[in-house]
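next comes the sequence, and after it the predicted model I'd like to discuss.
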Amino acid sequence: MAETNKLRRRETGPRSLGEADKPMGSRALSFVAREALSRAPWLPPPHDPRERDLVLASGEWEVRIFSGRKFQYFVTRGFWHLQLWHPDARVSLLSPSRLTHGFYEALTATNWKIQAATYEALLPLVAGVSHATFLARAFVEQLERVLVTDIVRAATVSDDGLGSS
């Protein structure tokens with residue numbers, strides 16, 4: 001039993017006197033931050049990622065969109081958008097739509113809401129309150145074109161009866 005206690009002290013305690021004064025490594029801080037965030041409450045709508053389906057994962061980010069009745073409602077009323085969700089940092093980014101008054105909108109784990117006219121303008125604002133590494137602008141533009149613009153265009157053509165065979 002004494003051997004087990006020595007082993008435990010050795011694992012949790014400092015290895016040398018000087019080591020006690022050193023800050024924890026980034027991996028340890030990252031683990032502590034993730035643990036705290038995993039117990040944090042979910043973000044409120046429209047930023048709650050549980051409301052949307054996961055369609056793609058890219059690096060640390062998830063790309064999420066509505067399906068079913070919400071899809072139909074949002075597309076036909078100009079509210080259609082995509083959500084970029086960073087599960088570890090608990091950051092939600094919404095693409096511009098009528099829902100966000102045409103702005104990119106972010107909500108952080110600390111419930112800090114940020115809006116900006118462009119993706120590039122939003123990133124430094126969010127970076128000031130989050131450790132998330134962001135997706136490249138060109139990739140986000142491609143996602144928006146395929147998952148927002150093209151879908152809205154297809155739904156509009158379909159509603160006009162022009163897309164029917």
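Nice, thanks for sending it over.

helix or strand right after the helix or strand containing K70?
Using DSSP states H and E, K70 sits in helix 68-76. Downstream of helix 68-76, the first helix or strand assigned by DSSP H and E is strand 83-86.

identify the residues contacting that following strand?
For strand 83-86, contacts defined as CB atoms under 8 Å, 6 or more residues apart in numbering pick out 47, 49, 52, 60-65, 91-95, 130, 132, 135, 140. Quick note: C-beta positions are derived from backbone N, CA and C, even for glycine.

try 6 Å this time
The contact list for strand 83-86 (CB atoms under 6 Å, 6 or more residues apart in numbering) reads P49, R52, E60, W61, E62, R64, S92, L93, L94, A132.

do stretch 142-159 as well
In contact with stretch 142-159 (CB under 6 Å, 6+ apart) are residues V75, W80, L82, S95, G163.

then stretch 117-135?
Identification of contacts with stretch 117-135 by CB under 6 Å, 6+ apart yields W61, H86, A89, V91, Y104, A106, T108, W112, I114, A116, R137, V140.
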